[in-house]
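Trainee: Following is a predicted model, sequence given first.
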Amino acid sequence: MMIDGIKIKGITSDSRQVRKDYVFVALTGQNKDGNEFINEAVESGAVIVYTEKDIYRKDCIVKKVNNGRIKLAELCNEFYGYPSEKLLVIGVTGTNGKTTTTNLIYHILKEAGIAVGIIGTLHIKIGKEQYPSKLTTPITEDIYYYLNRMVEENIRVAVLEVSSHGLKNDRVYGIKFDIAIHTNINQDHLNFHKTITDYIKSKKKLFDSLAAGKIALINHDDNYGLKMLEGNNEILIISYGLSSKSTVTASSIDMDFLTSFNYCLQRGITTLSGVEIEVFEYPITSNLLGNHNIYNALSAISTCLLLDVPIEKIAKAIKSYPPVTRRMEIVYKDKYTVIDDYCHNPASYEAVFHTIQTLQYNNLYIVNGVRGNRGLDINRRNAEVLKQWYEILNVKKLIITDSVDCVDNLNRVSNEERQVYFEVLKDSLFLFKYEASLRNAIKEILKELKPNDILLLLGAQSMDKGKGIFLDLINEKESINIIQQQSKIYDNIFDNH
């Protein structure tokens, strides 16, 4: 790539990543202004700097632009040879369900023998390569790097989780999406977006970017679904949901610790290769618990049909698909059951509790993590949902925790955030307990669990270590039991002599 006669060797918005003959794009963020790091970038080898400010320098070329984020995306796209145009790209956005939906699509396509890559919350997988994921949607230069790696590795389909942060900050600007999926919209991330209007506007960017003839899969049952389509009349629309008016729906739903339903295509669709699929029904069995996961499955199945995967192969792949980490994940099932879920907003709590309502159990125990560094509003609303469902679900014990023993500084709970929880829960007739340490909270409940009880580990980042702590405690408990049993055996031997 040449700019002003200079051969460019790399592009970045992070001054720490600059090398000789790099382009540096100075972006203004929430906490830092990239313009303050131009000196550092030039000293490290930047030959061209793009900025939205009026800056003059003799030691490098400075170019002023109206939108640095869009310019960064344009530069990365050109630098890597427009990689999305050489792939089939699927983008999934929404408040809840992105991670499960993208990973389910990835699993089905992989099982069908299709070369597929994924970029999302849990991981980035490209062929045999796997990269750690720091953000749901990586920064622009990283996402274009990964797309280019997919092209180099002869990947055919790229599946992307597309967050509202990523859309608002134009991280996916310039990517040519073939299918865009809307899961649902609920109030979340308002500490970043400030208003629900801005949140919806950011999500809508994905659908606005669809070219004529590309496909939008829309949750028909979501109040904001149709808003995603406003102003784009040239795309193809497939609706899914439990409403009878949807293009795709589910019937004969049966849920316990397994979920079964009939996938119903109620109107014919045409695949990306031009093959017409007529109306049909097909039985699906899934390990994914809950009504919300039926929605995720409907969109994933529909997407894979559009990529010419036969329904028989799709159904087989779904049956073998294990739950995504921390998404209604059954982490232990013996005398009692332990379920771990990344509850982060009221809708995700509602989804979990609706699912629990369909299960058979004696007593329900909950360890719930407060959301750290996310503001008062989201914690107040999460606590309200807990309060509403407490009596309905026959909760035996609820422990609220800050997870001070295992949370990082970025997700540390403030006194105000904790206090909001207490204010909501104290204004009720039921009892709850506060335990600062996640390990101590789980340890306390572990002593009380009886056969056919359920323990829920609920919460966002503050509960990420919950599963590991529980399994460690179980192993410790089993080790102690073995030692005690061996001790009794030895005692009997000595007593008999």
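Mentor: Right, received. Where do you want to start? Computed from a prediction, not measured in an experiment: that's the story for all the values here.
Trainee: Might you report the residue contacts of the nearest residue to Thr337 once chain neighbours are set aside?
Mentor: Distances taken as Cβ to Cβ, 6 or more residues apart in numbering place Ile454 nearest to Thr337, at 5.0 Å, with adjacent residues excluded. Yep, even glycine has a C-beta here, placed from its N, CA and C like the rest. When contacts are counted by Cβ atoms under 8 Å, 6 or more residues apart in numbering, Ile454 touches 336-339, 356, 359, 361, 363-365.
Trainee: Low-confidence regions, this protein specifically.
Mentor: Across the chain, residues meeting the criterion (pLDDT under 70) sit at 187-194, 429, 478-497.
Trainee: Excluding sequence neighbours, find me the nearest residue to the residue most central in space within it.
Mentor: Against the mean C-alpha coordinate of the chain, by Cα atoms, centre = their mean, the closest residue is Thr99 at 3.6 Å. Of all residues not flanking Thr99 in the chain, Thr121 sits nearest, at 4.8 Å (Cβ to Cβ, 6+ apart).
Trainee: number of nearby residues for that neighbour?
Mentor: 19 (other Cβ atoms under 10 Å).
Trainee: Next: Val395.
Mentor: Neighbour tally, Val395, other Cβ under 10 Å: 20.
Trainee: What of the one 3 residues further on?
Mentor: By other Cβ under 10 Å, 22 other residues sit near Leu398.
Trainee: any idea how far it is from Asp334?
Mentor: According to Cβ to Cβ, to the nearest Å, Leu398 and Asp334 sit 23 Å apart.
Trainee: same check, this time on Val151
Mentor: Val151 is 46 Å from Asp334, by Cβ to Cβ.
Trainee: Comparing these two, which residue is more hemmed in?
Mentor: Ranked by neighbour count (other Cβ under 10 Å), Val151 and Asp334 place Val151 first, with 19 against 8.
Trainee: then stretch 142-156 to CSV, C-alphas only?
Mentor: Written as CSV, here are the backbone C-alpha positions of stretch 142-156 (Å, rounded to 0.1, in the frame of the first residue of the first chain):
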residue,chain,number,x,y,z
ASP,A,142,-7.3,-6.0,14.7
ILE,A,143,-10.6,-7.0,13.1
TYR,A,144,-9.2,-6.3,9.6
TYR,A,145,-6.1,-8.3,10.5
TYR,A,146,-8.2,-11.3,11.5
LEU,A,147,-10.4,-11.1,8.4
ASN,A,148,-7.2,-11.0,6.3
ARG,A,149,-5.9,-14.0,8.1
MET,A,150,-9.1,-15.8,7.3
VAL,A,151,-8.6,-15.1,3.6
GLU,A,152,-5.0,-16.3,3.8
GLU,A,153,-6.2,-19.5,5.5
ASN,A,154,-8.8,-20.1,2.8
ILE,A,155,-11.7,-19.6,5.2
ARG,A,156,-15.0,-19.3,3.4
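Trainee: List the buried residues of that stretch.
Mentor: By neighbour count on 16 or more other Cβ atoms under 10 Å, the buried set for stretch 142-156 is 142-151, 155.
Trainee: Point out the other elements, helices or strands, that the helix or strand where Ala351 lies touches.
Mentor: Assessed by DSSP states H and E, Ala351 sits inside helix 346-357. When contacts are defined as 3 or more Cβ pairs under 8 Å, 6 or more residues apart in numbering; DSSP states H and E, helix 346-357 packs onto helix 291-306, strand 337-341, helix 376-390, strand 454-458.
Trainee: go again using 10 Å as the cut-off
Mentor: For helix 346-357, the helices and strands in contact under the criterion 3 or more Cβ pairs under 10 Å, 6 or more residues apart in numbering; DSSP states H and E are strand 248-255, helix 291-306, strand 337-341, strand 364-369, helix 376-390, strand 454-458.
Trainee: Quick check: neighbours of the fourth one in the sheet, parallel or antiparallel?
Mentor: Each strand paired with strand 364-369, and its direction, by DSSP bridges: strand 395-401 (parallel), strand 454-458 (parallel).
Trainee: about what we covered before: among the contacts of Ile454, name the buried ones.
Mentor: Buried, going by 16+ other Cβ under 10 Å: 336-339, 356, 359, 363-365, out of these.
Trainee: can you put those residues in a markdown table and add distance to Val309?
Mentor: Output for the buried ones among the contacts of Ile454, formatted as a markdown table (distance: Cβ to Cβ, whole Å):
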| residue | distance to Val309 |
| --- | --- |
| Tyr336 | 38 |
| Thr337 | 33 |
| Val338 | 34 |
| Ile339 | 30 |
| Ile356 | 32 |
| Leu359 | 31 |
| Asn363 | 43 |
| Leu364 | 39 |
| Tyr365 | 41 |
